[in-house]
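1. This is the structure alone, sequence omitted:
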C-alpha cells in the first residue's frame with residue numbers, strides 16, 4: 001500500500017477479474033437458461049404427445065362404441081326385415097291360394113253356364129230328331145227329309161266339337177250314374193236290368209254327365225221252376 005492506496009497491480013487485477021467473473025456467471029446463467037428452455041420444450045413435447053395419445057385412445061374408443069351400436073341396430077333391422085319378409089311370403093301364399101280358388105270358381109261357373117246352354121240346345125235337338133222320325137214314317141218328300149237330316153248332322157258335329165259325347169246305353173247293363181230307368185219290359189232273352197230301349201239319348205260334357213240317358217230295362221219273368229232251382233242251389 002502506498003500512501004493508503006492499493007498497488008496498481010492489484011487494481012488492474014481487480015479490473016480484469018470482475019469482468020471474467022461476470023462473464024462466467026453470465027455463461028452459467030445462459031447455460032442454465034438453455035437447459036431450462038430445453039427442458040420446457042421436452043416437457044411440452046411430452047405433454048403434447050401424451051395428449052395426442054390420449055386423444056387417439058379416446059377417438060378409437062368412441063369409434064368402437066359407435067360401430068358396436070351400429071352393428072346392434074343393423075341386427076335389429078335385419079330381424080325386422082326377416083319378420084316382414086316372412087309375413088309377405090304368407091300373404092303371397094294366401095293370395096295365390098285365393099287366386100286359384102277364384103279361378104276354380106269362375107271355371108266351375110262357366111262350365112255350369114255352358115251345361116245349361118247345351119241342355120237347351122239338346123231340347124232343340126230332341127225336337128228335330130222327333131220331327132225326323134215323323135217324316136221318315138210319313139209320306140213326305142225326300143228333299144225335306146234330307147234337309148232335316150243335314151240339320152241333325154250339323155247339330156251332332158257341333159256337339160262333338162264342344163266336347164259332348166253320347167252315353168253308350170243300348171244292350172248295356174244299367175248304370176245309375178249315367179242312366180235313368182223309366183220303365184221295364186219282360187224279356188226272357190236278356191239278363192235282368194239290361195237296357196233294351198233308349199227313349200232319350202244321354203250325353204257327357206267333358207267327361208261329366210250333362211244329361212243321363214232315359215232307358216227301359218229288361219225284366220225276366222220269375223216262374224216256379226226258377227224258384228225251385230234257386231232252392232236247390
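-> Okay, I see it. Quantities reported herein were computed from a predicted structural model and do not represent experimental measurements.
2. remind me which residues of the protein are low pLDDT?
-> Per-residue confidence of the chain (counting by pLDDT under 70) places the weak regions at 1-57, 222-233.
3. Let me see the ranges of the strands in it.
-> With DSSP state E as the definition, the chain shows strands at residue ranges 164-166, 179-186, 195-200, 203-205, 208-211, 213-219.
4. how much space between residue 96 and residue 84?
-> Residue 96 is 18 Å from residue 84, where distance means CB to CB, to the nearest Å. The way it works is simple: take the backbone N, C-alpha and C, and place the C-beta from them, glycine included.
5. how close does residue 160 get to residue 132?
-> The span separating residue 160 from residue 132 equals 18 Å under the rule CB to CB.
6. And the two? Which one has more around it.
-> Comparing residue 160 with residue 132 by other CB atoms under 10 Å, the one with more neighbours is residue 132, at 17 against 11.
7. How many residues are close by the nearest residue to the more buried one once chain neighbours are set aside?
-> The shortest distance from residue 132 to any non-neighbouring residue, by CB to CB, 6 or more residues apart in numbering, is to residue 148 (4.7 Å). Look at residue 148: counted by other CB under 10 Å, it has 19 neighbours.
8. Contact partners for residue 148?
-> Taking CB atoms under 8 Å, 6 or more residues apart in numbering, we find residue 148 in contact with 128, 131, 132, 135.
9. Adding distance to residue 184, write those residues out as TSV.
-> Putting those into TSV (distance: CB to CB, whole Å) gives the following:
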residue	distance to residue 184
128	29
131	29
132	28
135	31
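10. List the ones among the residues you listed that fall in helices.
-> In this view, those that belong to helices under DSSP state H are 128, 131, 132, 135.
11. List buried residues within those residues.
-> Buried members of the ones in helices among the contacts of residue 148, scored by 16 or more other CB atoms under 10 Å, are 132, 135.
12. Can you tell me which of the ones in helices among the contacts of residue 148 is closest to residue 211?
-> Top of the list for closeness to residue 211, among the ones in helices among the contacts of residue 148 and by CB to CB, is residue 128 at 15.9 Å.
13. what about residue 179, distance to residue 94?
-> Residue 179 sits 44 Å away from residue 94, going by CB to CB.
14. just residue 216 next, same as before
-> On the measure of CB to CB, residue 216 and residue 94 end up 53 Å apart.
15. the more surrounded of the two?
-> residue 216 (16 against 10).
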